[in-house]
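Novice: The following block contains a protein sequence and its predicted model.
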Amino acid sequence: MIDTTVVGDGNPIQAAHSAEEAAFLVDNMKQAMNDMVVHILTKAVAAQQSSGDACAPGNQPQFPVRWIDAYFPFTSPSWEMEVLFQGEWLEICGCGVMKQEILNQADMPDRIGWAFGFGLERLAMLLFGVQDIRLFWSSDPRFAGQFSPGRINSFRPFSRHPSCAKDVSFWLPSESTFHENDIMDLVRETAGDLVEGVKLIDSFTHPKTGKGSRCYRINYCSMDRNVTNEEINGVQELVRKRMVEQLGVTLR
């Protein structure tokens, strides 16, 4: 923790507090804030590494923190907390010793305390690796669908251009070993960067013949332009043709 702060006329101790009281509050606040940030950012780094993203940062065992003098109407002295994360100093929050008038008006004149204010969206951007704060106000299910309560995972960017979903269903070949990775590889080799995702949506085994059936939903989307239904129909037809030729499936 880098702490070069000096309490002076520009960022003063309140007259209601002694120097010892103010020093205790400030030390307690800074330690608590530092522990909180280290805990959160350690989880952020771990989530990025576990995502398998080749661009994910390496391990960062320490998160240096510095304190910048600031002014807030309800605290004095006050600071902005910055943390060195992935090579950049990032402003995390504002904090300071609570104005004693607030506690007096709350009928707690015998109490002293400190306060802080996090920008929750900014914190979530660090924790989940979200690059654009506007996504938090998006109704796009491709964003909200990536997160679930109690789980920290690295956000996977998607195109803001409209997507186009196509389904393909087929009977599995009876004489060969089918593996789902074969489908994934074939689709991506055929459609390239137009493929946003491939998902199994139905699996069925015929009760009499024992033949297996699968249905996959392929989500097409360009990162830099809108795609037309006609264009994707052509790509989808090529995918279907290659599935028959290379995997030996029977289209339904």
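Specialist: The structure has been received and is ready for your questions. Residues are numbered from 1 along each chain as shown.

Novice: Is residue 78 within a helix or a strand, and which one?
Specialist: Taking DSSP states H and E as the criterion, residue 78 maps to strand 75-85.

Novice: Show me the strands paired with that strand, marking each as parallel or antiparallel.
Specialist: strand 65-72 (antiparallel), strand 88-98 (antiparallel) (DSSP bridges).

Novice: how about TSV for the ones you listed, with mean pLDDT, distance to residue 204 and mean neighbour count added?
Specialist: Quick note: C-beta positions are derived from backbone N, CA and C, even for glycine. Output for the strands paired with strand 75-85, formatted as TSV (pLDDT from 0 to 100; distance: least, CB to CB, whole Å; neighbours: other CB atoms under 10 Å):
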stretch	mean pLDDT	distance to residue 204	mean neighbour count
strand 65-72	91	56	16
strand 88-98	89	50	18
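
Novice: give me the low-pLDDT residue ranges for the protein?
Specialist: Within the chain, the ranges that satisfy pLDDT under 70 run 1-6, 48, 51-60, 176.

Novice: tell me the centre residue of it?
Specialist: Centroid-nearest residue in the chain: residue 128, 2.1 Å away (criterion: CA atoms, centre = their mean).

Novice: Just the helices from the stretch 51-200 of the chain, written as ranges.
Specialist: For the stretch 51-200 of the chain, applying DSSP state H, counting those that start in this stretch gives helices covering 100-105, 120-128, 141-144, 180-191.

Novice: Which positions within the longest one qualify as buried?
Specialist: For helix 180-191, a neighbour-count test (16 or more other CB atoms under 10 Å) marks 183, 186-187, 190-191 as buried.

Novice: This protein: strands as residue ranges?
Specialist: Per DSSP state E, the chain carries strands over the ranges 65-72, 75-85, 88-98, 114-118, 164-171, 195-205, 212-220, 250-251.

Novice: Check which helices and strands the shortest one is in contact with.
Specialist: I take that to be strand 250-251. strand 164-171 (3 or more CB pairs under 8 Å, 6 or more residues apart in numbering; DSSP states H and E).

Novice: Could you check the angle the strand it packs on makes with strand 195-205?
Specialist: Note on geometry: by axes from the mean of the first three to the mean of the last three CA atoms, to 10 degrees, strand 164-171 and strand 195-205 are set 30 degrees apart in direction.

Novice: Report all helices and strands that strand 164-171 contacts.
Specialist: Going by 3+ CB pairs under 8 Å, 6+ apart, strand 164-171 lies up against strand 212-220, helix 229-242, strand 250-251.

Novice: give the contact list for residue 103.
Specialist: Applying CB atoms under 8 Å, 6 or more residues apart in numbering, we find residue 103 in contact with 109, 111-113.

Novice: Report the buried members of these.
Specialist: For the contacts of residue 103, a burial check counting by 16+ other CB under 10 Å picks out residue 112.

Novice: Looking at the contacts of residue 103, which is nearest residue 145?
Specialist: Nearest to residue 145, judged by CB to CB, of those is residue 113 at 40.0 Å.

Novice: if we compare the helices of the stretch 51-200 of the chain, which one ends up closest to residue 46?
Specialist: With CB to CB as the measure, helix 120-128 is the member of those nearest residue 46 (10.5 Å).

Novice: Contacts for that closest one, please.
Specialist: Counting by CB under 8 Å, 6+ apart, 40-41, 43-44, 47, 85, 90-92, 130-131, 133, 136, 147, 152-155 sit against helix 120-128.

Novice: Which among these count as buried?
Specialist: With burial judged by 16+ other CB under 10 Å, the buried subset of the contacts of helix 120-128 is 40-41, 44, 47, 85, 90, 92, 130, 154-155.

Novice: how about stretch 29-36: buried residues?
Specialist: 29-30, 33-34, 36.

Novice: how much space is there between the residue in the chain sticking out farthest from the centre and residue 215?
Specialist: Centroid-distance maximum for the chain: residue 208 at 46.8 Å, with CA atoms, centre = their mean. Separation of residue 208 from residue 215 (CB to CB, to the nearest Å): 20 Å.
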